[in-house]
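Peer 1: got a predicted model here, sequence first, then my questions.
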Amino acid sequence: MIDTERRRSRNRPLAQRRSTEDELRRLGRTHAVLSRCNRSLARALDERALLNAFCANLVEVGGYGFAWIGYAGASRRAPLRLVAHAGQGDEAFAATVLACANAGNRRSACRVACEAGTPVCLRDLSTPSALAPWGDAALGQGYRSMIALPLRADGAAFGNFSIFADSPDAFDAPEVALLAELADDLAFGIQTVRTRAAQAQQVRCLRNDAERDARGRLAATLHDGVGQTVQALNLGLKQARALAERGETVPVALLDRLVDEAGEVLRGLRAVSCELRPLFLERLSLLDAIRHQCSETAQRTGISIQVCAVDRLLTLDEQVKEQCFLAFREALSNAVRHAAAGRIDVVLRVRTDDRLILTISDDGVGFDTHHTSAHPAGLGLCMIQERAAGVRGRACVRSTPRKGTVVRICVPLTEEPILCP
């Protein structure tokens with residue numbers, strides 16, 4: 001009797017230690033899932049990829065049996081919509097769980113989690129529960145416990161994140177807290193991806209508007225300017241021909257007018273060509289083209305424009321040079337038209353032969369960049385970013401009301417894309 005009690009006393013610390021080790025192992029696994037899912041958040045390009053990555057991480061890294069995500073409808077009675085899942089059973093089991101969740105006469109755990117906005121945990125599925133109408137199907141797959149987590153935004157649940165485990169009591173209080181944090185991270189990631197997608201759509205619309213406006217300006221210039229002048233030139237030439245056919249002297253004044261009209265046509269065509277692609281880019285380096293543009297703009301506007309750069313031989317791909325210059329010209333035009341600046345500084349530098357950095361700063365009125373990011377209405381800023389992205393670069397804008405604006409354009413000189421410093 002005494003020996004039995006001693007053995008029990010020796011086994012008790014061993015059992016406690018094993019229990020503690022199991023709990024630490026489980027929490028470590030959950031932390032690994034959090035880490036992997038956070039990487040998925042940072043790299044997600046679209047909503048579907050993000051959802052699939054979260055479900056796969058829970059199964060492959062977390063060791064859970066099954067994970068699925070469903071979106072709720074606009075009303076409480078609207079059915080849940082399956083959007084992602086991973087794990088044993090896959091399609092058939094997901095369909096069973098979804099059908100039970102949407103059954104009108106039953107309130108499953110995932111439905112309750114959406115309605116209440118709090119996690120619902122079923123610790124042992126072998127015990128019948130009204131919240132587990134799919135309990136037999138889960139047991140048939142070898143699942144013994146589950147948790148349903150709400151996905152929330154703006155204080156309301158818009159979906160459900162459910163996880164199944166193959167052991168009872170798989171979700172203790174610390175793990176529930178970590179998984180609830182994971183669900184909040186996922187909800188935030190979904191909202192972020194949607195915001196990015198909406199902004200990208202706005203940028204595409206703005207770019208299309210800009211291209212349409214540019215085409216309209218060019219068409220108006222050709223029709224109303226160049227076209228009208230060519231028509232007048234044509235009439236003058238017909239008049240001169242008629243005089244010559246009658247053997248009369250063509251007046252010098254008429255010839256002078258025709259020469260002037262021909263010159264006006266050439267200037268109009270050069271202006272159109274320059275808007276499409278500045279002609280001097282063909283024969284000038286990027287730095288010289290920037291200096292030329294700054295000199296012309298300073299003379300025309302009276303604004304002090306300073307260019308600072310280290311003179312060095314820099315060989316750029318023609319597309320890179322063109323897009324860099326057009327992005328710079330747009331930034332300079334914005335500063336002239338909108339900033340009410342008295343001084344503009346342009347700095348061109350090459351950083352350790354791996355990137356070109358072009359900075360345009362002014363001392364003008366500035367603006368609220370947070371408002372502009374949330375409501376991108378300026379065609380100019382969008383076009384600057386689009387042109388930089390077109391040559392694997394980045395453009396960022398920093399501005400403060402009444403403290404000026406800085407536009408920084410960074411373009412890689414290697415094959416790797418870069419971020420603005």
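Peer 2: Noted; the coordinates are in hand.
Peer 1: and the residue nearest the centre of the chain, what are its phi and psi?
Peer 2: Taking C-alpha atoms, centre = their mean as the criterion, Arg196 is the residue nearest the geometric centre of the chain, at 4.4 Å. Backbone torsions for Arg196, taken as degrees, to the nearest 10, come to phi -60, psi -40.
Peer 1: quick one: least confident helix or strand in this protein?
Peer 2: helix 369-374 (a mean of 56; mean pLDDT, DSSP states H and E).
Peer 1: picking that back up, and the pLDDT for the residue nearest to the centre of the chain?
Peer 2: For Arg196, the pLDDT comes out at 77.
Peer 1: next, the buried residues of the helix or strand harbouring Leu151.
Peer 2: Taking DSSP states H and E as the definition, Leu151 sits inside strand 145-153. Using 16 or more other C-beta atoms under 10 Å as the test for burial, strand 145-153 gives 145-152. For every residue, glycine as well, the C-beta is placed using N, CA and C.
Peer 1: assumed Thr96 was part of a helix.
Peer 2: Yes - secondary structure of Thr96 (DSSP: H, G, I helix; E, B strand; the rest coil): part of a helix.
Peer 1: apart from its chain neighbours, what residue comes closest to it?
Peer 2: Leaving aside its chain neighbours, Thr96 sits nearest to Ala137 (4.5 Å; criterion: C-beta to C-beta, 6 or more residues apart in numbering).
Peer 1: spit out the contact partners of Thr297.
Peer 2: With contact set as C-beta atoms under 8 Å, 6 or more residues apart in numbering, Thr297 has these partners: 303, 305, 332, 336.
Peer 1: state the helix or strand in which Cys37 lies.
Peer 2: With DSSP H and E as the test, Cys37 turns up in helix 2-43.
Peer 1: helix or strand right after that helix?
Peer 2: helix 47-60.
Peer 1: packing partners for that next one?
Peer 2: On a contact count with 3 or more C-beta pairs under 8 Å, 6 or more residues apart in numbering; DSSP states H and E, helix 47-60 meets helix 2-43, strand 66-71, strand 81-87, helix 173-220.
Peer 1: compare the mean pLDDT across the ones you listed and name the weakest.
Peer 2: Lowest mean pLDDT of the helices and strands packed on helix 47-60: helix 2-43, a mean of 61.
Peer 1: got a pLDDT number for the closest residue in space to Ser167 that isn't next to it in sequence?
Peer 2: Once flanking residues are discounted, Ser167 sits nearest to Arg144: 5.5 Å by C-beta to C-beta, 6+ apart. Listed pLDDT for Arg144 reads 92.
Peer 1: hmm, Ala132 and Arg144 touching each other?
Peer 2: No - counting by C-beta atoms under 8 Å, Arg144 does not reach Ala132; the two are 11.2 Å apart.
Peer 1: now do the shared contacts for these two.
Peer 2: Shared contacts of Arg144 and Ala132, counting by C-beta under 8 Å, 6+ apart, come down to Leu125.
Peer 1: the residue nearest to Thr96: which element?
Peer 2: Using DSSP H and E, Ala137 falls within helix 135-140.
Peer 1: what comes up buried for that helix?
Peer 2: Buried residues in helix 135-140 (16+ other C-beta under 10 Å): 135, 137-138.
Peer 1: now those residues in JSON lines, with distance to Pro412 and pLDDT?
Peer 2: Shown next, in JSON lines, are those (distance: C-beta to C-beta, whole Å; pLDDT from 0 to 100):
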{"residue": "Gly135", "distance to Pro412": "56", "pLDDT": "85"}
{"residue": "Ala137", "distance to Pro412": "53", "pLDDT": "86"}
{"residue": "Ala138", "distance to Pro412": "51", "pLDDT": "87"}
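Peer 1: same list, these, but as JSON lines with distance to Gln319 please.
Peer 2: Supplementary listing: these in JSON lines, determined by distance: C-beta to C-beta, whole Å:
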{"residue": "Gly135", "distance to Gln319": "62"}
{"residue": "Ala137", "distance to Gln319": "57"}
{"residue": "Ala138", "distance to Gln319": "57"}
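Peer 1: for Ser167, state which of those residues is nearest.
Peer 2: Ala138 (12.7 Å; C-beta to C-beta).
Peer 1: OK, contacts around the closest one?
Peer 2: 93, 97, 125, 132, 146, 164.
Peer 1: which residues of the stretch 301-421 of the chain fall in strands?
Peer 2: Counting by DSSP state E, counting those that start in this stretch, the stretch 301-421 of the chain has strands at residues 304-309, 343-351, 355-362, 394-399, 405-412.
Peer 1: with mean neighbour count as extra columns, can I get those in CSV?
Peer 2: Conversion of the strands of the stretch 301-421 of the chain to CSV gives the following (neighbours: other C-beta atoms under 10 Å):
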stretch, mean neighbour count
strand 304-309, 15
strand 343-351, 17
strand 355-362, 22
strand 394-399, 19
strand 405-412, 22
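Peer 1: of the ones you listed, which is nearest Ile190?
Peer 2: Short answer: strand 394-399, nearest of the strands of the stretch 301-421 of the chain by C-beta to C-beta, at 24.9 Å.
Peer 1: which elements pack onto that closest one?
Peer 2: helix 369-374, helix 379-389, strand 405-412.
Peer 1: can you spell out which helices and strands pack onto the longest one?
Peer 2: Helices and strands touching helix 379-389, as assessed by 3+ C-beta pairs under 8 Å, 6+ apart, comprise helix 173-220, helix 318-338, strand 394-399, strand 405-412.
Peer 1: avg pLDDT for the third one?
Peer 2: The predicted model gives strand 394-399 an average pLDDT of 88.
Peer 1: within the sheet, what are the partner strands of it, with directions?
Peer 2: Paired neighbours of strand 394-399 in the sheet (DSSP bridges): strand 405-412 (antiparallel).
Peer 1: before we move on, the earlier item: report all helices and strands that the strand holding Leu151 contacts.
Peer 2: For strand 145-153, the packing partners by 3+ C-beta pairs under 8 Å, 6+ apart come out as helix 109-116, strand 120-122, strand 156-165, helix 173-220.
Peer 1: CSV please, covering the ones you listed and showing distance to Val265.
Peer 2: Converted to CSV, the helices and strands packed on strand 145-153 look like this (distance: least, C-beta to C-beta, whole Å):
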stretch, distance to Val265
helix 109-116, 69
strand 120-122, 77
strand 156-165, 61
helix 173-220, 15
